[in-house]
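Engineer: what would the 3D arrangement of this be:
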Amino acid sequence: MKGRSASKSDGGAHKPQINASLEEIVKEIENRGDPNTLAGMSRFGIAVAHAYGVSVPQLRVIARRIRTDHSLALQLWKTGIHEGRILAGMIDDPGVVTENQMENWASSFDSWDIVDGTCGNLFDKTHYAIKKAHEWSERNEEYVKRAGFVLMAELAVHDKKTPDETFLKFLPVILRESSDERNFVKKAINWALRQIGKRNRNLNTAALRTCRRIQKIDSSSAKWIATDAVRELTSTTVQKKLKNANKRSG
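Structural biologist: Numbers count the residues shown, from 1 in each chain. Alright, predicted model coming up:
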């Protein structure tokens, strides 16, 4: 995969990059911390042992000011601070992220929102996104495995240039892993299946075919994944959108 973006600094080049030290950013995260936000995070199943309670919109404000800074991203990740790791994914440069970095970060995933934020803000734009989606889907660690399917979902939503064949190859993986009963894994598998099926008419048909196969598996997780996906993929809203998109492309 060539990656969707060589750098997140492309565009908006007229805005100067703000040089910020690790100490300054950590201090800002601490100052923005809110106990009420922290309590809300906990209610949503987010690990808060190393969190201060800073919302994602607030982190995006900081990220827009910093723009792209690979070195600072690496430093922020090493702090182990929850919000620091989410911010790291926002400001890192996907064009220079290495496969080793992805493996190192994935090995320390400890919360579903860090998984989703890192994959959706950074990893899906790297040269290794498709490779890691396949590799991580086979891993046993809950959050690493989730990351594999989040990558599939994010690619389906954001990567407009990747051909259908790539997503068709994800479907047997989804079928293979659909009996995983772990909550954060099965929800990611369902997410990937739905997003692939909403990409275009051809993939919608293929995804629904996969759903029918998943429904035959003797697993409550598999049946939930398939039933929920069928509900959305056959909905009037999705089918109308696919029909209109087909007309425009025709």
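
Engineer: going forward, measure contacts and count neighbours with C-alpha atoms only.
Structural biologist: OK.

Engineer: list the buried residues in whichever strand or helix holds Leu193.
Structural biologist: Per DSSP states H and E, Leu193 falls inside helix 183-197. Across helix 183-197, burial judged by 16 or more other Cα atoms under 10 Å covers 184-197.

Engineer: what comes into contact with the longest helix along the chain?
Structural biologist: Ranked by residue count and defined by DSSP state H, the top helix of the chain is helix 142-158. Helix 142-158 is contacted from outside by 106-107, 109-112, 115-116, 119-120, 123-124, 129-130, 132-139, 167, 170, 182, 184-185, 188-189, 191-196, 199, using Cα atoms under 8 Å, 6 or more residues apart in numbering.

Engineer: buried among the residues you listed? Make that a PyMOL selection.
Structural biologist: With 16+ other Cα under 10 Å as the criterion, this PyMOL line picks the buried residues out of the contacts of helix 142-158:
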select buried, resi 106+109+110+111+112+115+116+119+120+123+124+129+130+132+133+134+136+137+167+170+184+185+188+189+191+192+193+194+195+196+199
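
Engineer: check contacts around Ser178.
Structural biologist: When contacts are counted by Cα under 8 Å, 6+ apart, Ser178 touches Lys186, Ile189, Ile214, Ser221, Ala222, Ile225.

Engineer: picking up where we left off before, so which bits of the longest helix of the chain are buried?
Structural biologist: Buried-residue list, helix 142-158, by 16+ other Cα under 10 Å: 142-156.

Engineer: could you check the angle the helix or strand following the helix holding Leu193 makes with helix 183-197?
Structural biologist: For helix 183-197, the following helix or strand on the C-terminal side (DSSP H and E) is helix 201-215. In terms of direction (axes from the mean of the first three to the mean of the last three Cα atoms, to 10 degrees), helix 201-215 departs from helix 183-197 by 140 degrees.

Engineer: between the buried residues of helix 142-158, which is nearest Gly80?
Structural biologist: Tyr143 (15.9 Å; Cα to Cα).

Engineer: ok so, going back, between the buried residues of helix 183-197, which sits nearest Asp34?
Structural biologist: Distances from Asp34 to the buried residues of helix 183-197, taken by Cα to Cα, are shortest for Phe184, at 25.7 Å.

Engineer: surely that closest one and Trp112 touch.
Structural biologist: Yes. Between Phe184 and Trp112 there is a contact at 7.0 Å, judged by Cα atoms under 8 Å.
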